[in-house]
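*Asks:* 3D, please:
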Amino acid sequence: FCNSIIKSYPEEFPRIISSKNISPVDQAKLIETIIESSDLKLLRPYGDKFYYARGISASIGELKREGIDPDSFEKLIKEEEKEFKSIDDLYHEKGAHKGKMKGKYDDILKYIERNKELLILYRNYEDKLVENRFYDYEDMIIETVRAMQKNEDFLLKLQENYQYILVDEHQDTNNAQNKVLELLSGFYESPNLFIVGDEKQAIFRFQGASLNNFLFFKNKYKDAKIVFLEENYRSTQAILDSAHSLIENAPVADENLRVRLKSASGHKEKNIKFYEFSSEEFEMLYLAEDIKNKMSEGVPAG
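*Replies:* Prediction:
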């Protein structure tokens, strides 16, 4: 959706429109170049200087999906550091380790220092994208949000164009995507916004999604009508009841969302079987053998 906005209004996106989408290979090369040229201690270990390259790329992507730019990230780190320095019992006061930082706090300090280095890399990465006329996948959303926030006339134009909004699989949205929706639907106190999602699936935190993101609009628009879909056409009741038992004691922001599903699948009820494996490899081996045996017994491969 954001890409279509960028293509329709190129003048609002000078950084993106004159650039090309970076490929995963080019992104990996760029991250390695930045690691090589940056002043790092923790994120460039001596034994393998690119050991954290994949993790750095993933972390930058996650920050962008949460709508956190380098300046916002720096602010968060400073707040974290201030909080850390205000801890009373940072150091051992007695014994052989007197004056040394306690182990649990040493780990927190290292985490903060790693984030400081990640900030250096994040800033350098953003500069290199501009320099090499690249943009990444997350930039399409971030740049759209930025353009809507910066230019009120542009935002009004989009709000006029998109007055009826349907969002499917909303449990998979992240902060940046929610911001797009919030801005687009922000003209009216009670917009034409139709959201479909499953709070039970929000546990996966896919692409930065979380239950908080999912509940955001329910809390924002208090008069929104909620329609519960209680019938399930895929699973037997035994599976639905067992799945529900795993989440029914977990904290939930609104008890009304904890709907117990009813099976309408028409499948024959069977007991659930549990298998335990010492490793993922043995699990895969078992599944392959089980499928092979079923097929040899005449069970259709489909």
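*Asks:* Tell me where the model's unsure across the stretch 101-250 of the chain.
*Replies:* Across the stretch 101-250 of the chain, the ranges flagged by pLDDT under 70 are 202-214, 250.
*Asks:* Which parts of it are helices?
*Replies:* Along the stretch 101-250 of the chain, counting by DSSP state H, counting those that start in this stretch, helices occupy 103-131, 137-150, 152-161, 175-184, 211-220, 237-247.
*Asks:* these two touch, right, residue 60 and residue 120?
*Replies:* No - using C-beta atoms under 8 Å, residue 60 is not in contact with residue 120; the gap is 11.6 Å. Yep, even glycine has a C-beta here, placed from its N, CA and C like the rest.
*Asks:* who's more crowded, the two?
*Replies:* residue 60 (22 against 15; other C-beta atoms under 10 Å).
*Asks:* element containing that one?
*Replies:* Secondary structure assignment for residue 60, by DSSP states H and E: helix 53-65.
*Asks:* next SSE after that helix?
*Replies:* Sequence order places helix 70-85 as the next helix or strand after helix 53-65, per DSSP H and E.
*Asks:* on contacts alone, who are the packing partners of that next one?
*Replies:* helix 103-131 (3 or more C-beta pairs under 8 Å, 6 or more residues apart in numbering; DSSP states H and E).
*Asks:* And the helix it packs on, what's buried?
*Replies:* Using 16 or more other C-beta atoms under 10 Å as the test for burial, helix 103-131 gives 108, 114-119, 121-126, 128-129.
*Asks:* Residue 6: which of these is nearest?
*Replies:* residue 129 (15.1 Å; C-beta to C-beta).
*Asks:* Return the residues in contact with that closest one.
*Replies:* Shown in contact with residue 129 (C-beta atoms under 8 Å, 6 or more residues apart in numbering): 19, 22, 30, 135, 136, 139.
*Asks:* Hmm, the last one is touching residue 13, no?
*Replies:* No - counting by C-beta under 8 Å, residue 139 sits too far from residue 13 to count as a contact (9.7 Å).
*Asks:* Which residue comes closest to residue 99 once chain neighbours are left out?
*Replies:* Excluding its sequence neighbours, the residue lying closest to residue 99 (C-beta to C-beta, 6 or more residues apart in numbering) is residue 91, at 5.9 Å.
*Asks:* beta partners of the one you found?
*Replies:* residue 101 (DSSP bridges).
*Asks:* check contacts around it.
*Replies:* The contact partners of residue 91, by C-beta under 8 Å, 6+ apart, come to 98, 99, 100, 101, 102.
*Asks:* Would you mind putting these into CSV with distance to residue 76 and neighbour count alongside?
*Replies:* Output for the contacts of residue 91, formatted as CSV (distance: C-beta to C-beta, whole Å; neighbours: other C-beta atoms under 10 Å):
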residue, distance to residue 76, neighbour count
98, 33, 9
99, 30, 7
100, 28, 12
101, 22, 14
102, 24, 14
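*Asks:* ok, so of these, who is nearest residue 261?
*Replies:* residue 102 (47.6 Å).
*Asks:* wait, what's in contact with that closest one?
*Replies:* Residues in contact with residue 102 (C-beta under 8 Å, 6+ apart) are 89, 90, 91, 92.
*Asks:* And the closest residue in space to residue 168 that isn't next to it in sequence, how far from residue 114?
*Replies:* Distances taken as C-beta to C-beta, 6+ apart place residue 196 nearest to residue 168, at 4.9 Å, with adjacent residues excluded. Separation of residue 196 from residue 114 (C-beta to C-beta, to the nearest Å): 39 Å.
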